[in-house]
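Q: one predicted model, sequence on top.
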Amino acid sequence: MIEIHEFLVAILRSGTPLIYVTMAGVIAQRAGVWHLGLEGLMIIGACATIAGIVLTGSFLSSILIAVAFCIVASILQWFVIEVLEADPIIAGLGITGLGIGGTALAVQSIFGSLAAVSAPFGVPRIGSAFGPYSPLSIFVLIMPVVVFGMWVLLHRTRFGLRLSSAGEHPAAARSVGANPSLMRLIAFCIGGVFCAVGGAELAAGSLQIFAQNMVAGRGFMSFAAVIFGGNHPVGGALAAMFFSLAGVIGIRMQIHFGAVIPHDVLLCLPYLATVFGVWITGRMRGGAKSAAHAAELRDR
Amino acid sequence: MIKRLEIVLRPLAFIALALILCGAIFECAGYSALLMFESILDGAFLHPGAWEKSLRWALPLFITAVGVSISFRCGFFNIGAQGQFYIGAICAAFVADALVWAPAAVVVPLGIVAGMAGGALWALWPGVLRLRSGTDEVITTLMGNFIAGLILVYVTSGPLKDPSGSGQQASSRILPPSFRISDSHGVSPTIVAIVALVAVAAWLLVNRTAFGTLSGLAGRNPVMLQFQGGRLWQLGLSSFLISGALAGLAGSIELFGPNGRIASGFLPTHGFTAILVALVANLSVAAAVVASVFFGGLFSAALFLPILAGLPSAAIDLINATIALFITAKFSLRKRIRLGRAPP
């Protein structure tokens, strides 16, 4: 019984950061932009949270700092894609590079070396009332609410419909008085908040540490979860859960079969699960359609 | 004429913009931007022996970048050059390790071929997934990079582990000197000859063959390609294979040339920089020569930044990222001015 609880705690811990970042990807995708900057925004969020906790000593101000940095980076990405008409994929990779290089520079200039930075405390925990789940952070607790809220926002509000129309048919959106460009800016800003929370949960949710390369492709995985989840908040969350399940199974297998299967092969599992997920999506949607759709999005 | 001038000036303008933006960031972080530019210039080109060091990084970068530009021209965003580079180096290392007793004249060519085959194989599966089932190649190649990185960690700390190696970074056994095609400076007649061969072959392929013309068409207008009777399937798969093989070639050159061994996580930004080289060169082979020297120079300047400007070498990553951010911008002054005027 304890085994199952431990397993669930591990999945929620590794899945929650992915889910938050996936929400950022979903809202950007709805607005018609492939958000490959998720990886960089997540690194910025993680770094700003830990540095903020160390420097200010307050969790609330550190999360606000992380949100501010992520929104600034998101606006930069929006500006480059929308105003300068850069390729969204390359611009997203640029934001990712900016996150990796910028956080390295920040850590070096604040703490004097590139070593991992650890914080004295992290995200507040949900408390002992939840038994075996008490070590989880409050972000895990509000995650289902956020996913449901995203579904309501995108599917049940006027704003959500306008946002989706901005992505699917910008001309139609314009004809009803919605400004697609502004819609994308709003989507990117909301996404910035989610990425900050996702990064904060990754860095301060359980470990309370920021290390170089700690994100290790989770942002790209979240982007894959957007695709695998059919561009739907609930679908994306389930896809993100599936990827983190693969990671947790890999870690569990190390304990049991560590002597037989090399450790690094098991670490590949979440990446392989991601490839599998995107492959399944391509198959279900039909190759031609998704290829044409991709070309359409890129041409924009 | 103006159009040609714009093709040359545009990347330069964006690079200048990126440098200015980075300079501002560094000033904000409390470093001197002027000192940074000075040390970059010094480290890349002015310092005695700097040209050789810049070329050492530029040569493999050029090979990978040409591969990237061939697949980008065809309209496929193969951003897995990093993984293909790693797998190429790993395959070459296995060949060299298994044939330690054999003469170098056999092992080195065989190792290079194995490296190219390995790189091509690592580009083959995303290519097949893309062309058979429409699986987005951006994600599969990205995931391929992470998987290849883990395979490299496994290989260097498992089958090819150097037992005498100490420290944090696992690495393979160093190759016998007879297998090396250059010393640790990395610029030797053999490597330069390989790079020249790649340059000429790629230029001919892109500019003088049906493949080059049709793949350019495929990238710009796949529907038109179908009318012309071109097969996207064949073109796409060959462009994936060529780009993978070239990245693998660069990996095996690193192994047989300057590195002499493979280490876990070596040259982690090679693939990304190669993409930048291809984009700055506007996917042209000839321009990639200049662009790769520029980025090779930036890379070797990274070693000078901590000494001269007190900046961490991550500063170069930041400059590269900013260039990536702006380089594909379609923003053109002429278009804006025209749009501003009243329609005739």
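A: Received the coordinates, thanks.
Q: and the residue of the stretch 51-200 of chain A found nearest chain B, what does it touch?
A: Proximity of the stretch 51-200 of chain A to chain B (CB to the nearest CB) peaks at residue A:97, 2.8 Å away. Bear in mind the C-beta positions are built from the backbone N, C-alpha and C, glycine included. Shown here is residue A:97, whose contacts under the criterion CB atoms under 8 Å, 6 or more residues apart in numbering or on different chains are A:40, B:272, B:317-318, B:320-321, B:324.
Q: in what helix or strand does it lie?
A: Residue A:97 belongs to helix A:88-111 when assigned by DSSP states H and E.
Q: quick one: mean pLDDT for that helix?
A: Helix A:88-111 carries an average pLDDT of 90.
Q: report how many residues lie close to residue 43.
A: With no chain named, the answer covers chain A. Counted by other CB atoms under 10 Å in any protein chain shown, the residues lying close to residue A:43 total 33.
Q: sorry, should have said chain B
A: Residue B:43, neighbours per other CB under 10 Å, totals 25.
Q: please name the nearest non-neighbouring residue to it.
A: residue B:304 (3.0 Å; CB to CB, 6 or more residues apart in numbering or on different chains).
Q: tell me the pLDDT of the one you found.
A: 77.
Q: and it, how far from residue B:36?
A: Look at residue B:304 and residue B:36: by CB to CB, to the nearest Å, they are 10 Å apart.
Q: and for residue A:75?
A: From residue A:75 over to residue B:36 (counting by CB to CB), the distance is 26 Å.
Q: the more surrounded of those two?
A: Set residue A:75 next to residue B:36 and count neighbours by other CB under 10 Å: residue B:36 wins out with 23 against 14.
Q: residues near the closest residue in space to the more buried one that isn't next to it in sequence, how many?
A: Nearest-residue entry for residue B:36: residue B:309, 4.8 Å, with adjacent residues in sequence omitted and distances by CB to CB, 6+ apart. Around residue B:309 there are 22 other residues, counting by other CB under 10 Å.
Q: distance between the ends of stretch A:103-120?
A: Distance across stretch A:103-120, first residue to last, is 20 Å (CA to CA, to the nearest Å).
Q: so for that stretch, what gets flagged as buried?
A: Within stretch A:103-120, the residues scored as buried using 16 or more other CB atoms under 10 Å in any protein chain shown are A:103-108, A:117, A:119.
Q: can I get those in CSV including distance to chain B?
A: As requested, these are exported to CSV (distance: CB to the nearest CB, whole Å):
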residue, distance to chain B
A:103, 9
A:104, 4
A:105, 5
A:106, 7
A:107, 9
A:108, 4
A:117, 14
A:119, 21
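Q: and the two most separated of those residues?
A: A:105 and A:119 (19.4 Å; CB to CB).
Q: so where's chain B shaky on pLDDT?
A: B:1, B:165-168, B:331-344 (pLDDT under 70).
Q: next one: the stretch 151-300 of chain A
A: Across the stretch 151-300 of chain A (using pLDDT under 70), the flagged ranges come out as A:258, A:285-300.
Q: mind doing that once more with 90?
A: A:162, A:164-181, A:205-209, A:211-217, A:227-231, A:247-270, A:277-278, A:280-300 (pLDDT under 90).
Q: quick one on the thing from earlier: quick one, what contacts the residue nearest to residue B:36?
A: Per CB under 8 Å, 6+ apart, neighbours of residue B:309: B:31-32, B:35-36, B:38-39.
Q: quick one: which of these sit in helices?
A: Taking DSSP state H, the ones among those that sit in helices are B:35-36, B:38-39.
Q: what angle sits between the top helix by length along chain A and helix A:88-111?
A: Ordering each helix of chain A by length in residues (DSSP H) puts helix A:2-30 first. Interaxial angle, helix A:2-30 versus helix A:88-111 (axes from the mean of the first three to the mean of the last three CA atoms, to 10 degrees): 120 degrees.
Q: using CSV, list the CA coordinates for stretch B:239-253.
A: Taking Å, rounded to 0.1, in the frame of the first residue of the first chain, the C-alpha atoms of stretch B:239-253 are listed here in CSV:
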residue,chain,number,x,y,z
SER,B,239,18.2,15.2,-47.2
PHE,B,240,17.7,13.7,-43.7
LEU,B,241,20.4,11.1,-44.5
ILE,B,242,22.9,13.6,-45.9
SER,B,243,22.5,16.0,-43.0
GLY,B,244,22.9,13.2,-40.5
ALA,B,245,25.9,11.8,-42.3
LEU,B,246,27.6,15.1,-42.4
ALA,B,247,27.0,15.7,-38.6
GLY,B,248,28.4,12.2,-38.1
LEU,B,249,31.4,13.1,-40.2
ALA,B,250,32.1,16.1,-38.0
GLY,B,251,31.8,13.9,-34.9
SER,B,252,34.3,11.4,-36.3
ILE,B,253,36.7,14.2,-37.2
